[in-house]
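Novice: I would like the atomic coordinates for the input below:
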Amino acid sequence: MVLFLSILIVVTGCLWGFHGLSQHSKKTSMLQDHIKLIRTLFSLSVIGLLLLTMNFELLLTLAVIFSGVIYILDKVYLKKRRAQQKIPMPSTFVEYGRSFFPVLLAVLVIRSFIIQPVRVPTGSLEPTVLPGDFMAVSEFAYGLRLPVLRTKIMKVGEPRIGDIVVFRWPVNPNIDFVKRVVGTPGDRVEYKNKVLYINGREATQEKVGSAVDVLEPQGDIPVEEYTENLNGVRHEIFINPVGGDNKDFSITVPEGHYFMMGDNRDDSDDSRMWGFVPEENLRGKAFMIWLSFDPKTREIRWNRIGKTL
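Specialist: Numbering: from 1, shown residues only. Model (predicted):
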């Protein structure tokens, strides 16, 4: 269905564009008779694709391609034709296309290759990252990738243990997850009595005090807060002393994959449930909180703005 809708968008978009570019020509009478149907099919296809995939990157890329084609055509051909035919203004379709192209292109380049804003909806990384935090993610930290195709075109760096990483969920690549790297290719990761061991080295924990895991609609749960030293990366974690995930495990991370866990160790949907994250699923490294909005009080958390991760 996604492929069918994508093809339908391309075909109807091209027909609509051709009609808009040639609306002063008598050769488009047949298109004129069906232009309303073409517009309707195009609009419904875009809405359907959005609902099916929620893939903003794909839609943004398609918008850049369509507006870019209009922009180039106007520069090399349509502008001259309007001058010859003494048409003072371009059609509305052309005007929108050439106006939006630079803006859409800038957004695509920044979002795909430089920095991307990501909102955190859950508490799986509490207390480091809270629900309602908006993180800035470096898209080039682990290599430059083509949008939509996700093909790496330049290798920049590799994730390190302790990094907070945004990645495409292996179960459904259209959904982004954010977790902390606790295992890189070849590492032996062990979890015993809620303590991590990486290649036999204990990630020591120092108790900070009591805290609360904010859950909705289940209600808040009392937890203990610890400072964990994960291969030299010190950060806070939550542990539920009377419940949560009590399963121990010992695994070796295969080549080309990573093992991810949340800092909220007993309330995190992570690699313990669905397995390793392939390298090609990596999107970028979270490095700062640029905005934080408390979903319970509906107020901005001013003290979290600018916090580095």
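
Novice: domain parsing for the chain?
Specialist: Per the record, the chain has its domains at 2-115, 120-304, by automatic domain parsing.

Novice: need those domains in CSV with mean neighbour count and mean pLDDT, can you?
Specialist: Backbone N, C-alpha and C define where each C-beta goes, glycine included. Formatted as CSV, those follow (neighbours: other Cβ atoms under 10 Å; pLDDT from 0 to 100):
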stretch, mean neighbour count, mean pLDDT
domain 2-115, 15, 74
domain 120-304, 17, 89
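
Novice: what sits opposite the one residue sitting closest to the centre of the chain in the beta ladder?
Specialist: Taking Cα atoms, centre = their mean as the criterion, Asp176 is the residue nearest the geometric centre of the chain, at 5.1 Å. Per DSSP bridges, the residues bridged to Asp176 are Arg168.

Novice: shouldn't it be in contact with Val137?
Specialist: No - using Cβ atoms under 8 Å as the test, Asp176 is too far from Val137 to be in contact (9.3 Å).

Novice: Can you work out which residues contact both of these two?
Specialist: Common contact partners of Asp176 and Val137 (Cβ atoms under 8 Å, 6 or more residues apart in numbering): Val118, Val166, Arg283.

Novice: residue boundaries of the helices in the stretch 201-309 of the chain?
Specialist: 271-274 (DSSP state H, counting those that start in this stretch).

Novice: how long is stretch 43-61 end to end?
Specialist: End-to-end distance of stretch 43-61: 16 Å, with Cα to Cα, to the nearest Å as the criterion.

Novice: try stretch 186-198
Specialist: 11 Å.

Novice: Check stretch 285-302 too.
Specialist: 23 Å.

Novice: host element of the closest residue to Gly123 other than its chain neighbours?
Specialist: Distances taken as Cβ to Cβ, 6 or more residues apart in numbering place Pro131 nearest to Gly123, at 5.1 Å, with adjacent residues excluded. Secondary structure assignment for Pro131, by DSSP states H and E: no helix or strand.

Novice: Report the contact partners of Pro131.
Specialist: Counting by Cβ under 8 Å, 6+ apart, Pro131 has contacts Val120, Pro121, Thr122, Gly123, Val214, Pro295.

Novice: could the residues you listed be laid out in CSV, adding distance to Ala63?
Specialist: Formatted as CSV, these follow (distance: Cβ to Cβ, whole Å):
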residue, distance to Ala63
Val120, 27
Pro121, 25
Thr122, 30
Gly123, 34
Val214, 37
Pro295, 30
